[in-house]
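Visitor: Return a 3D structure for these sequence lines:
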Amino acid sequence: MSLLGFAASFLMGIILGLVGGGGSILTVPILVYLFALAPSVATGHSLFVVGLTALVGAALALRRGQIDLAASLAFVFPSVLGVNISRGLIVPSLPPVIAQIGTFVVTKEILIMLVFSVMMIAASTSMIRRRAHASALRVSALVRMLMMAFLGLIVGLIAGFVGAGGGFLIIPALVFVAGLSMRLAVGSSLMVIAIQSLFGFANDVSRGARIDWTLLLTVASFAVVGILAGSASSAQINEQKLKTGFGWFVLVIGLTILAEQIYHAI
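Guide: Residues are numbered from 1 along each chain as shown. Down below sits the predicted model:
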């Protein structure tokens, strides 16, 4: 086992505790590059770590009254459906080689990391960019419900495929469609991420996927301890500056992974 990997897991937890979200985007790179798991395996393992850390964050947010249960549940049911479609149908059905043009070969593992790197880049921009005050869309209750269901399904499909939470997609949906404040949206997104991720992981377990429980529980434990340490220190930290700096770090990692996977495909 990698001591560097455990240290990175602890640091990821600290970031989650300090800024309330975003840090779990590093779970897949930690599992792939520091613990040498194949991407298709790492995404499944990641769902457990992401789900557990989000559950801890959601519990802390609930204690502070920062979760809207109605909006969270309206979003989470379709997102659970989406993540189970990804883990139960899409990922297992992918062939070992997706496409080949001459010497350029895109394998299943490369495709997963390519999609994940694009998601990292998109997530980083949401961390770097300062959020302006936003108002909810003025639509009927039926349209609002249908939009929440559609967005929840899309988020679940993406999250299940890449093994991430998708908070950078969930938070804007809860703000613009559900009409939540940013503080409520962040807390509610943690509840959504926890439920959808743990259901996705349970899908893998039910299909008989090989799980390295020793590695998984150790990584998750380091991350949870990091969350508690970060949460205890959050009052002394400039959250916006930390989130912006972390966003730039995620952007660099995402671009590096993208370039590396393209190089491997050639």
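Visitor: Break down the chain into its strands, ranges please.
Guide: 97-101, 104-107 (DSSP state E).
Visitor: nearest to residue 36, of these?
Guide: strand 104-107 (16.5 Å; CB to CB). C-beta here means a position set from N, CA and C on the backbone, and glycine is covered the same way.
Visitor: Only C-alpha atoms, please: export the closest one in PDB.
Guide: Once non-C-alpha atoms are left out, strand 104-107 reads as follows in PDB (Å, rounded to 0.1, in the frame of the first residue of the first chain):
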ATOM      1  CA  PHE A 104      -4.600   5.700 -32.200                       C
ATOM      2  CA  VAL A 105      -6.400   3.300 -29.900                       C
ATOM      3  CA  VAL A 106      -9.000   4.300 -27.300                       C
ATOM      4  CA  THR A 107      -9.500   1.500 -24.800                       C
END
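Visitor: Show me what it packs onto, helices and strands only.
Guide: strand 97-101, helix 239-265 (3 or more CB pairs under 8 Å, 6 or more residues apart in numbering; DSSP states H and E).
Visitor: Quick one: distance of it to the chain centre.
Guide: 25 Å (CA atoms, centre = their mean, to the nearest Å).
Visitor: Can you give the contact residues for that strand?
Guide: Applying CB atoms under 8 Å, 6 or more residues apart in numbering, the contact partners of strand 104-107 are 96-100, 114, 265-266.
Visitor: Using TSV, please lay out the strands of the chain together with distance to residue 188.
Guide: Below are the strands of the chain laid out as TSV (distance: least, CB to CB, whole Å):
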stretch	distance to residue 188
strand 97-101	35
strand 104-107	36
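Visitor: related to what we said a few turns ago, for residue 205, which of the helices and strands packed on strand 104-107 is the nearest?
Guide: strand 97-101 (25.8 Å).
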